[in-house]
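A.B. asks: this one's sequence-less:
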Ligand SMILES: Nc1ncnc2c1ncn2[C@@H]1O[C@H](COP(=O)(O)OP(=O)(O)O)[C@@H](O)[C@H]1O
Ligand SMILES: [Mg+2]
């Protein structure tokens, strides 16, 4: 996801440095009996780079800037796999261990080292086995579902063709992922589920 190329970023980056400055200077969190009742979240020049299992590195988010105000409803829009969940992971301090985050994340104008639990969001569901890669999932499924009389080499070819047909080449060696292992995107999961069916 890049600022210039996706509908998600164009929505959340219609503001820029001015907004960040404004939020930078925002007042302390409003408190009631010592409890924080609202939070301004802002992010500037956020980049996330991941190293999937095949050792290559990949930039998932590039130079994202935006903000979310309390008491408002903010929509992140972008195609499947464009990095919406990765941005939420970055903002809530729950990126996978193979991901490197750079940039500035501000909570009520303060640079926040967000540890897990400070911020949270509800994730998408899945019914796949998180510790298998996309290719393994499809291959095991093919072995279980395709007729015994079909040669293994033919099954392998079918699996590889299906991965390409479904546009899953880029994440074929990525784990599906689960609650503690960040993997492929929600849309990619849906496509893997369709392939299995
Ligand atoms: N930790 C990771 N390791 C490898 N690839 C990842 C990781 N996190 C995200 N990705 C890849 O980054 C892309 C964006 O994923 P995601 O943020 O889940 O997209 P979405 O916009 O659908 O929520 C996908 O192609 C996904 O496979
Ligand atoms: Mg998602």
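C.D. replies: Yes, it's here. Just so we're clear, the structure is a prediction, and the values are computed from it rather than from any experiment. Residues are numbered from 1 along each chain as shown. Ligands and ions are numbered 1, 2, ... in the order given.
A.B. asks: and residue 192, what is it in contact with?
C.D. replies: Applying C-beta atoms under 8 Å, 6 or more residues apart in numbering, one finds that residue 192 lies in contact with 128, 134, 137, 138, 166, 168, 176, 184. Heads up, the C-betas are built off the backbone N, CA and C, glycines and all.
A.B. asks: what about the third one, how many neighbours?
C.D. replies: Residue crowding around residue 137 was assessed by other C-beta atoms under 10 Å; the count is 24.
A.B. asks: who's in contact with it?
C.D. replies: If a contact means C-beta under 8 Å, 6+ apart, then residue 137 has 128, 129, 176, 192, 196 as its contacts.
A.B. asks: doesn't it fall inside a strand?
C.D. replies: No. Counting by DSSP: H, G, I helix; E, B strand; the rest coil, residue 137 falls outside a strand, being helix.
A.B. asks: And it, how close does it get to ligand 1?
C.D. replies: Distance of residue 137 to ligand 1, computed by C-beta to the nearest ligand atom, to the nearest Å: 14 Å.
A.B. asks: same question, residue 92
C.D. replies: Per C-beta to the nearest ligand atom, residue 92 is found 13 Å from ligand 1.
A.B. asks: what do you get for residue 54?
C.D. replies: Using C-beta to the nearest ligand atom, residue 54 is found at 10 Å from ligand 1.
A.B. asks: Give me the below-cutoff pLDDT ranges for this structure.
C.D. replies: The model of the chain has pLDDT under 70 over residues 1-37, 112-127, 197.
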